[in-house]
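1. Need coordinates for the following:
(one chain, ligands or ions: 2)
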Amino acid sequence: MPRTVVIHYGEIGLKGKNRWFFERKLLEAVDRAAARIAPRRAGWEHGRLVLDLGDEDPAPYLDALQRVPGIAWLAPAEVTPLDADAMVATVVDQARRGPPDASFRVEARRANKKFPLTSVELNRQAGAAVVAATRRPVDLEEPAVTYSVEIGEKRAYVYSERRRGLGGLPTGTAGRLLALLSGGIDSPVAAFRMMRRGCLVAGLHFFNETATSHGVRDKLDRLCRVLARYQGRMRLHVVPFEPLQREIVMTVPAPCRMIVYRRMMFRIAERMLPRERALGFVTGDSIGQVASQTLRNLRVIYAAAEHPVYTPLAGMDKTEIVDEARRIGTFEVSILPYGDCCSFLVPAHPETAARLAAVEAMERFDVEGFVAAAAAGTVTKVFTEDGEVTPSAGRAAVAGEAPE
Ligand code: ATP
Ligand code: MG
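-> Numbering: from 1, shown residues only. Ligands and ions are numbered 1, 2, ... in the order given. Sure thing, here's the model as predicted:
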């Protein structure tokens with residue numbers, strides 16, 4: 001029996017006139033994910049995508065597709081001709097291979113309204129056949145297994161296992177963002193959240209050559225490889241930050257150093273936006289988690305940015321963020337024992353209620369000079385989940401990439 005993966009999307013169904021654009025981006029993303037295993041092309045059928053696999057094992061495809069934003073759920077299915085007997089026989093066959101005494105129901109859906117049987121009729125026929133063949137009990141309310149039959153235009157799909165997708169929107173449908181990645185637990189989760197909403201995200205890391213071991217850079221590389229799983233590839237800009245940190249330590253009072261330090265990050269990040277054609281920033285800030293994340297301090301910090309700062313973790317608890325980091329695969333890398341480059345700046349008594357005018361008055365160093373030097377010294381790398389690639393080789397692997 002030929003196999004296929006039936007892929008259902010959620011929210012793009014709501015996009016009205018732009019629907020074709022979202023569907024095309026999802027199709028591209030599915031083909032790209034499948035291509036990592038074998039070059040296969042998915043096709044559209046009545047508001048769902050199908051990826052034909054011949055007699056190949058669907059498992060690696062399912063794993064890959066579960067990381068594609070825009071998919072609500074997916075199912076490994078067997079394909080039958082458009083014929084009720086064939087559909088019933090396939091359901092019975094799957095039921096025979098299933099758990100022997102488990103309750104079940106059959107759930108047919110007719111995308112093709114010309115098919116002679118209604119879904120209710122097919123449910124009854126297939127249900128009766130399964131009972132006759134296996135003696136398994138029917139349970140319409142809470143069955144242990146549901147056998148689904150999706151009746152399409154030219155063929156039908158029969159399956160009993162559904163997997164949840166990532167949800168969200170297809171990569172490249174929402175524009176670009178620059179994520180400030182520290183190497184900690186929070187910022188990669190924040191970047192992932194925006195990827196899931198269809199944004200193409202690049203990373204920006206401020207690196208202190210002296211204060212931290214080179215482990216931090218390796219950690220950032222690894223985080224980007226994990227994040228690349230969700231959008232094909234991930235670009236990372238590494239900004240030299242050590243001269244500026246030294247200057248801040250010398251000229252800014254200890255309680256406000258972190259605030260000035262983060263304001264400088266945004267000033268430099270503004271300079272990087274055009275390189276990415278990005279429209280805003282992402283940070284891992286979570287309200288009240290550390291001193292720099294009080295509402296008053298964030299107001300002063302974000303005031304240094306001209307573009308919007310998106311903070312998808314703002315309302316989340318640390319435990320929720322950690323759970324998500326584990327799910328997406330960044331946690332193990334984030335907890336590697338290298339401090340991020342600003343931990344040493346945290347004073348015993350940090351400011352928690354900064355005032356903008358007061359902080360501005362502390363920025364007496366050559367702001368413009370430091371910003372220009374940092375931007376000029378920035379090094380860019382590109383990652384796929386397998387490792388670093390040269391920018392041109394990586395280009396083909398990314399969603400929505402326009403030629404430069
Ligand atoms: P994280 O776990 O992401 O490091 P955190 O709770 O430790 O966050 P902070 O260290 O105050 O919080 O950083 C807040 C946010 O500022 C981070 O989520 C990240 O977006 C950004 N940030 C901090 N340090 C850096 C850095 N060295 N390079 C880039 N961005 C940074
Ligand atoms: Mg941190």
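2. Please make it C-alpha for all contacts and neighbour counts, starting now.
-> OK.
3. now the top strand by length along the chain, how far from the centre of its chain.
-> Determined from DSSP state E, the single longest strand within the chain is strand 71-81. The chain centroid and the centroid of strand 71-81 are separated by 22 Å under C-alpha atoms, centre = their mean, to the nearest Å.
4. after that strand, next one along is what?
-> Counting by DSSP states H and E, the next helix or strand C-terminal to strand 71-81 is helix 84-97.
5. what comes up buried for the longest strand of the chain?
-> Within strand 71-81, the residues scored as buried using 16 or more other C-alpha atoms under 10 Å are I71, A72, W73, L74, A75, P76, A77, E78, V79, T80.
6. how many neighbours does L236 have?
-> Using other C-alpha atoms under 10 Å, the number of residues around L236 comes to 23.
7. quick one: it is in a strand?
-> Yes. Checked against DSSP: H, G, I helix; E, B strand; the rest coil, L236 lies within a strand.
8. which residues touch the residue located most distally from the centre of the chain?
-> When distances are taken from the C-alpha mean of the chain, A132 lies farthest, 45.1 Å away, according to C-alpha atoms, centre = their mean. With contacts taken as C-alpha atoms under 8 Å, 6 or more residues apart in numbering, A132 has no neighbouring residues.
9. Against ligand 1, how distant is it?
-> 57 Å (C-alpha to the nearest ligand atom, to the nearest Å).
10. just the strands in the stretch 51-200 of the chain please.
-> Assigned by DSSP state E, counting those that start in this stretch, the stretch 51-200 of the chain shows strands spanning 71-81, 104-110, 145-151, 155-159, 163-167, 176-180, 200-207.
11. which residues are in contact with stretch 76-93?
-> Outside stretch 76-93, the residues within contact range by C-alpha under 8 Å, 6+ apart are 1-6, 58, 62, 117, 122, 125-126, 129-130, 133, 147, 149, 151-162.
12. From the chain's centroid, how far away is it?
-> The chain centre lies 34 Å from the centre of stretch 76-93; the measure is C-alpha atoms, centre = their mean.
13. Near A357, how many other residues are there?
-> Per other C-alpha under 10 Å, the neighbour tally for A357 reads 9.
14. Just to be sure, it is in a helix?
-> Yes. Assessed with three-state DSSP, A357 lies in a helix.
15. Would you mind listing the residues in contact with the closest residue in space to V382 that isn't next to it in sequence?
-> Distance criterion C-alpha to C-alpha, 6 or more residues apart in numbering; nearest residue to V382, sequence neighbours excluded, is R235 at 4.4 Å. Neighbour list for R235: V201, A202, G203, C224, T380, K381, V382, F383 [criterion: C-alpha under 8 Å, 6+ apart].
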